[in-house]
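> the sequence and its predicted three-dimensional model are supplied below.
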Protein chains: 2
Amino acid sequence: MASLLHQIQHRSVTIDAPLSLDSGQTLPSVTIAYQSHGTLDANKSNAVLVCHALTGDQYVASDHPATGKPGWWARMVGPGKPVDTDRYFVICANVLGSCMGTSGPATPDPATGTPLGMKFPVITIADMVRAQAMLLDHLGIERLHAVIGGSMGGMQTLAWAAAHPERLGSAIVIASAARHSAQNIAFHEVGRQAIMADPDWQDGDYYDKYCTPTKGLAVARMAAHITYLSEAGLTEKFGRRLQARDIKSFGFDADFQVESYLRHQGLAFTDRFDANAYLYITRAMDYFDLAEPHEGQLAGAFARAKDVRFTLVSFDTDWLYPTSESRRIVQALQSVGAAASFVELSAPFGHDSFLLDVPALDRLVAGALRAEG
Amino acid sequence: MASLLHQIQHRSVTIDAPLSLDSGQTLPSVTIAYQSHGTLDANKSNAVLVCHALTGDQYVASDHPATGKPGWWARMVGPGKPVDTDRYFVICANVLGSCMGTSGPATPDPATGTPLGMKFPVITIADMVRAQAMLLDHLGIERLHAVIGGSMGGMQTLAWAAAHPERLGSAIVIASAARHSAQNIAFHEVGRQAIMADPDWQDGDYYDKYCTPTKGLAVARMAAHITYLSEAGLTEKFGRRLQARDIKSFGFDADFQVESYLRHQGLAFTDRFDANAYLYITRAMDYFDLAEPHEGQLAGAFARAKDVRFTLVSFDTDWLYPTSESRRIVQALQSVGAAASFVELSAPFGHDSFLLDVPALDRLVAGALRAEG
């Protein structure tokens, strides 16, 4: 399936300038696939950068070219919506290391013309931000009205505020954290091991092969998907209800609805995502710890960000990025005198709440974007 | 490794009587591997049955023949210990469907002499209890002083009280539940899919093959292992500390201690457990719902258990079998007038607390066993 995925044409720019990575390696040039909505105003002051999550992409408000489904945040971004494209010029770029047109493991090796696979350098959240900054430079956008993102998108938003505080007015960080916890790393490691245990992974060198590691990738997605939902949400949605039968089969088919749902989630994911990209992006998230370069003091990351308006949102049922992680960020921001508003919202959907129907989130985002600094 | 595992000799009895299973199938005979400690008194009144968890076995207080490690509950069971073998005759049997000598998927097909694999019938927690009751009949033990178990061992203990209330004085149920939740089922399904995605699984017909599904089984174990620990426990034990290096490798080796730990847990598990047994036992747990035969009314399961003394223990950091599940059992017991004491203990180890150093648990177990009905 990876070969089909990589045949999709995306809108992109290739910037022929070197990108120095945290690893010490350099990409000689970088291709960035992105979508935009709305119109950039004359003084280029209305740009909003939306940062996507681990398995998201640039199709935030337009149909996904592989699945045909609406954009992943179509409920949030569009004309008259909280991120109002009648008002803002909205940019969403596929992150570095991903598989929807931006440079990543499927990018051809300039020397051989074959995909780099695991020869692509390991990247970080800060590297993703560097690539986005290059895109903005290319578009002639000096300063962003706001950066906004949920989950890994929130990590990028925080990294933006840390690296380029002078380039953004507002940072909206939803269901996120300033570091990956041991449990977060552990779940990602299970997913990576599932992919690498699949013999079709072939050390990442599968792009021109008949078989790709869909089984391993599906298992990785299944494990991760459980962490995106709340226990109560799963119980309400599925409970112990059986799938299309009245009695237990006493076999290993998907007897329970929750099994059938998970299998579907795993399988469907392999149609729109690349296994190597999953390895690289989970690694970037695991490496994320904004406090690390500041002797473990998170406040150090925000020392120059006093003039950025921060809005933080967590969800009470999110056990992957719990409220305590948002509070830790708020405390660091307050200690450097940055303006930070924080709300824990009640929503039943766990971590995925940031993607789903939570009207209070819509109001918060709309309000945060309209606030003047 | 499975072939080595199945070469170990275990103490066992083969009972040449049919065992009728919940599935409607019948095992013509059943082999039960078990260990015992202490001495059965003259009137056979001091027997205590210890029920093991998913990946446990009969080696509760004696060294494990495959790993050489001490019994899994050696801290709880032994002379002068809470389950005092100077006082009680302690029996622990490998559950039906497992891989340490009791009938299961590695059992030879009587017709062909080759292991049954997936032709072994799907079994339930109630079936495990039926096999244990056959063992007790064989040993001439009419009535148990107590049944005790944690996690899946607690499920068996509850099933004992429901099926044979006249045969036990006391039921001690630790870190357990009367049903498997949607989230519990989901995590098990990930493990099963990881095993079945491994081409070395070969539809379960791998016992006489060179390759066994160790990679899939290791991934299953890794995913499950995270659920046995608390987020805070993982943070305290590992945090974001790096493994045997000072700086990040910017690669896909185990950079973080938690990754290295998980990989070790996964790999070590494959030396002592059989992938098919993992499929069968997780299935039995997923099927467990004591209320199901009683139109969803859990109290119905305990209607005949008024004279059993119940002790329930949960742990505040156990998110796999949270305290709410124990409370639900206590409410059902109280509604039928059964004596039930319940304590939520504070311990940092998550679900695994029942296996670890929690002195308050030791005192509770010792007290519950000594209480007279």
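Happy to help now that I have it. Residues are numbered from 1 along each chain as shown, chains lettered A, B, ... in the order given.

> poorly predicted segments of chain A, please.
Applying pLDDT under 70 to chain A flags residues A:1-3, A:372-373.

> and the helices in it?
A:2-5, A:125-139, A:152-163, A:182-197, A:214-228, A:231-237, A:257-269, A:275-287, A:323-335, A:359-370 (DSSP state H).

> got phi/psi on the residue nearest to the spatial centre of chain A?
Compute the mean C-alpha point of chain A, and by C-alpha atoms, centre = their mean the closest residue is A:A53, 1.3 Å away. Dihedral angles phi and psi of A:A53 (degrees, to the nearest 10) take the values phi -90, psi -180.

> which residues sit in contact with it?
Listed by C-beta atoms under 8 Å, 6 or more residues apart in numbering or on different chains, the contact partners of A:A53 are A:149-153. Yep, even glycine has a C-beta here, placed from its N, CA and C like the rest.

> and if you look at A:S353?
Residues near A:S353 by C-beta under 8 Å, 6+ apart: A:175, A:315, A:317-318, A:345, A:347, A:361.

> setting aside sequence neighbours, what's the nearest residue to the residue nearest to the centre of chain A?
Leaving aside its sequence neighbours, A:A53 sits nearest to A:S151 (C-beta to C-beta, 6 or more residues apart in numbering or on different chains; 4.0 Å).

> near the one you found, how many other residues are there?
Using other C-beta atoms under 10 Å in any protein chain shown, the number of residues around A:S151 comes to 27.

> domain assignment for chain A?
Annotated domains of chain A cover A:7-180+A:289-370, A:185-281 [automatic domain parsing].

> what's the end-to-end length of the longest one?
Meaning domain A:7-180+A:289-370. From its first residue to its last, domain A:7-180+A:289-370 covers 39 Å (C-alpha to C-alpha, to the nearest Å).

> swap in the shortest one?
Distances were taken as C-alpha to C-alpha; on that basis the terminal residues of domain A:185-281 are 12 Å apart.

> can you pull the contacts of A:K248?
A:242, A:255, B:287.

> with A:L242 instead?
Applying C-beta under 8 Å, 6+ apart, the residues near A:L242 are A:248, A:255-257.

> quick revisit: which of the contacts of A:K248 lies closest to B:N94?
Of all these, B:Y287 has the smallest distance to B:N94: 19.3 Å, by C-beta to C-beta.

> state the distance from the closest one to chain A.
6 Å (C-beta to the nearest C-beta, to the nearest Å).

> doesn't B:D127 make contact with that residue?
No - using C-beta atoms under 8 Å, B:Y287 is not in contact with B:D127; the gap is 9.8 Å.

> residues in contact with both of the two, list them for me.
B:D22.

> ok so, going back, most neighbours, which of the contacts of A:A53?
Counting by other C-beta under 10 Å, A:G150 has the largest number of neighbours within the contacts of A:A53, with 30 neighbours.

> give me every residue that touches it.
A:53, A:174-176, A:354-355.

> what sits closest to it if chain neighbours are left out?
In space, and not counting its chain neighbours, A:G150 is closest to A:F354: 3.5 Å by C-beta to C-beta, 6+ apart.

> residues near A:I148, how many?
Number of residues near A:I148 (other C-beta under 10 Å) recorded here: 31.

> excluding its backbone neighbours, what's nearest it?
That would be A:I172: by C-beta to C-beta, 6+ apart, it lies 4.0 Å from A:I148.

> how near is the one you found to A:G113?
Noted for A:I172: a distance of 41 Å to A:G113, by C-beta to C-beta, to the nearest Å.

> which of those two has more neighbours?
Counted by other C-beta under 10 Å, A:I172 and A:G113 do not tie: A:I172 has more neighbours, with 26 against 7.

> that one and A:T157 touch, don't they?
Yes - assessed by C-beta under 8 Å, A:I172 is found in contact with A:T157 at 6.7 Å.

> contacting residues around the residue nearest to A:G150?
A:F354 is in contact with A:150-151, A:174-175, A:313, A:315, A:361, counting by C-beta under 8 Å, 6+ apart.

> get me the contact residues on the stretch 51-200 of chain A for chain B.
A:118, A:121-122, A:179-183, A:185-187, A:189-190, A:192-194, A:196-199 (C-beta under 8 Å from any C-beta of the partner chain).

> ok, 6 Å please
Listed as neighbours of chain B in the stretch 51-200 of chain A under the rule C-beta under 6 Å from any C-beta of the partner chain: A:122, A:181-183, A:185-186, A:189-190, A:193-194, A:197.

> please identify which pair of these lies farthest apart.
A:S181 and A:A197, at 24.1 Å, using C-beta to C-beta across these.

> format the helices of chain A as a markdown table; extra columns: distance to B:A93.
A markdown table is the format used below for the helices of chain A (distance: least, C-beta to C-beta, whole Å):
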| stretch | distance to B:A93 |
| --- | --- |
| helix A:2-5 | 48 |
| helix A:125-139 | 51 |
| helix A:152-163 | 48 |
| helix A:182-197 | 32 |
| helix A:214-228 | 32 |
| helix A:231-237 | 32 |
| helix A:257-269 | 29 |
| helix A:275-287 | 42 |
| helix A:323-335 | 43 |
| helix A:359-370 | 53 |
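
> those: which one's closest to B:L333?
helix A:231-237 (22.1 Å).

> hang on, the earlier thing: just flag the most distant two among the contacts of A:S353.
Among these, the pair separated by the greatest distance (C-beta to C-beta) is A:T317 and A:L361, at 13.3 Å.

> what about the two, which has more around it?
A:L361 (24 against 21).

> ok, that one to chain B distance?
24 Å.

> for A:T114, which non-adjacent residue is closest in space?
Per C-beta to C-beta, 6+ apart, closest to A:T114 is A:P108, 6.3 Å.

> and for the one you found, the neighbour number?
Per other C-beta under 10 Å, the neighbour tally for A:P108 reads 11.

> what does A:S12 give?
18.

> can you give me the distance of the residue nearest to it when sequence neighbours are not counted to B:P293?
Nearest residue to A:S12, sequence neighbours excluded (C-beta to C-beta, 6+ apart): A:A33, at 4.0 Å. Going from A:A33 to B:P293 by C-beta to C-beta gives 56 Å.

> of the two, which one has the most company?
Just comparing A:A33 and B:P293: by other C-beta under 10 Å the higher neighbour count belongs to A:A33, 25 against 13.

> quick one: the more buried one and A:N94 touch, right?
Yes - look at A:A33 against A:N94 with C-beta atoms under 6 Å: they come within range, at 4.4 Å.

> which residue is the nearest non-sequential neighbour of A:R304?
A:P165 (4.8 Å).

> to clarify, my last question referred to A:A146.
Per C-beta to C-beta, 6+ apart, closest to A:A146 is A:S170, 3.9 Å.

> now swap in A:A175 and tell me
Setting aside the residues directly before and after it, A:A175 is nearest to A:F354 in space (C-beta to C-beta, 6+ apart), at 4.4 Å.
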